[in-house]
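**Student:** build the 3D model from these lines:
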Amino acid sequence: ADAADVTVTAPRYSRPRDVIVDGEPALSDVSGFRDRFLLADSLLHLEWFVRVAAADGIDVPSALVERTREESLAYYAGDRERLSPTVRRFQRLLFADDAWVRRVDERYDLDSRLFRLWERLLRREHDRLAAEDR
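**Tutor:** Now for the predicted structure:
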């Protein structure tokens, strides 16, 4: 960046200590790798998507972003029984990157257990959210 005389900024994503649900850290009542992963991924997918959409000139309504953040954190932290249909559909679409994870693993010949686990968790959550829409 310095050699090209350009400015590069790194994206800023939520840190676990900054994510609060009902006045408590969102992860305080969440145990187990799967549940903690899904909570973190539901938020990071949303933040990443908003950044990428903005870079491509796509406006994601701020009300949808805030509603998705609020509902998703409460839902994955165990404080909410269901996601609203709109947020559930949005999250289902965000969790659809399991194919991308698989392709990265295959194309780089990683044969990674971590990538297979990541793919499996994403696919299962995507499929579970899709089943709720039926």
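**Student:** which stretches in the chain count as strands?
**Tutor:** Applying DSSP state E to the chain gives strands spanning 20-21, 24-25.
**Student:** of all these, which lies closest to E125?
**Tutor:** Comparing the strands of the chain against E125 with C-beta to C-beta, the closest turns out to be strand 20-21 (18.7 Å). The way it works is simple: take the backbone N, C-alpha and C, and place the C-beta from them, glycine included.
**Student:** I'd like to know which elements the closest one is packed against.
**Tutor:** Packed against strand 20-21 by the contact rule (3 or more C-beta pairs under 8 Å, 6 or more residues apart in numbering; DSSP states H and E) you find no helix or strand.
**Student:** and it, what's its mean pLDDT?
**Tutor:** Throughout strand 20-21, pLDDT has a mean value of 89.
**Student:** same check on stretch 8-15?
**Tutor:** For stretch 8-15, the per-residue pLDDT averages 84.
**Student:** name the nearest residue to P16, sequence neighbours excluded.
**Tutor:** L27 (5.7 Å; C-beta to C-beta, 6 or more residues apart in numbering).
**Student:** tell me how far stretch 101-113 lies from the chain's centre.
**Tutor:** Here stretch 101-113 shows a centroid-to-chain-centroid distance of 20 Å under the convention C-alpha atoms, centre = their mean, to the nearest Å.
**Student:** show me which residues of it are buried.
**Tutor:** When neighbours are counted by 16 or more other C-beta atoms under 10 Å, the buried residues of stretch 101-113 are found to be V101, R102, D105.
**Student:** now stretch 51-71
**Tutor:** Buried positions in stretch 51-71, judged by neighbour count with 16+ other C-beta under 10 Å: V60, V65, R67, T68, R69, E71.
**Student:** now do the contacts for the residue nearest to P16.
**Tutor:** Applying C-beta atoms under 8 Å, 6 or more residues apart in numbering, we find L27 in contact with P16, V19, R36, L39, A40, A77.
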